[in-house]
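Participant: sequence first, then the predicted structure:
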Amino acid sequence: MIFRLTPRHVALAAALSATLWLAGCGTAPTATTPGQVPGQLSGATSAPPGPVQQPAPRASVAANPREYRRDAARHVYDANKDRIYGGKLPAVLYAVGTLQVNLDAGGKVLSMHWMRAPQHAPEVIAEIERTVLAAAPFPPAQRLGPVTWTDTWLWDKGGRFQLDTLTEGQL
């Protein structure tokens, strides 16, 4: 059997080599610092616990992840009352980011995954991640067990925010 090297074979070999080379360039996101979780884009950690322990959050009875969004968003709002933008947001926002947060059955943050990160505002990425970590534990999802909470963070120039789940809209 004679093997002939054709331009098609060369192109396939080059494509395969390039694919394998690029696959080797990526690294799996891992937490390297205590207080961080896999999937973070910043080095943010939750603030060290203060002298006052927060009471455990009330359990969620949501039947699906969409219903759980409301409980998780309300939990973040309750923990950040002074940082929530009151009323309708301005027509032009400083940053918008969509984040998935994977929670265990007890509400502990296991990992984060940015679906749309505001790359132009790395300080907002870090602050959102810090806010999520500081709000943990989240309401335990009694009926769901481990759950993925996905929400869009709407951020104004002054550092205040609303979550899409509880937004009051935009001007």
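Facilitator: Yes, it's here. Numbering: from 1, shown residues only.
Participant: confidence score at the residue nearest to the spatial centre of the chain?
Facilitator: Nearest to the geometric centre of the chain sits Leu99, at 3.0 Å (Cα atoms, centre = their mean). Leu99 is assigned 97 on the pLDDT scale.
Participant: Leu93 and Thr152 touch, don't they?
Facilitator: No. With contact defined as Cβ atoms under 8 Å, Leu93 and Thr152 do not form a contacting pair (10.6 Å). Placement of C-beta: from N, CA and C, glycine included.
Participant: and the strands in the protein?
Facilitator: Secondary structure of the chain (DSSP state E): strands at 95-103, 109-116, 147-155, 161-163.
Participant: could you list the low-pLDDT ranges of this protein?
Facilitator: Across the chain, the ranges flagged by pLDDT under 70 are 1, 3, 9-34, 47-55.
Participant: switch the cut-off to 50
Facilitator: Scanning the chain for pLDDT under 50 picks out the ranges 26-31, 50-52.
Participant: tell me, how many residues neighbour the nearest residue to Gly106 once chain neighbours are set aside?
Facilitator: Among residues not flanking Gly106 along the chain, Pro140 sits closest, at 5.2 Å (Cβ to Cβ, 6 or more residues apart in numbering). Using other Cβ atoms under 10 Å, Pro140 is surrounded by 20 other residues.
Participant: all the helices of the chain, residue numbers only.
Facilitator: For the chain, the helices defined by DSSP state H occupy 7-25, 65-79, 122-135.
Participant: number of residues surrounding the residue nearest to Thr150 when sequence neighbours are not counted?
Facilitator: Closest residue to Thr150 apart from its sequence neighbours, by Cβ to Cβ, 6+ apart: Gln100 at 4.7 Å. If you count neighbours by other Cβ under 10 Å, Gln100 ends up with 15.
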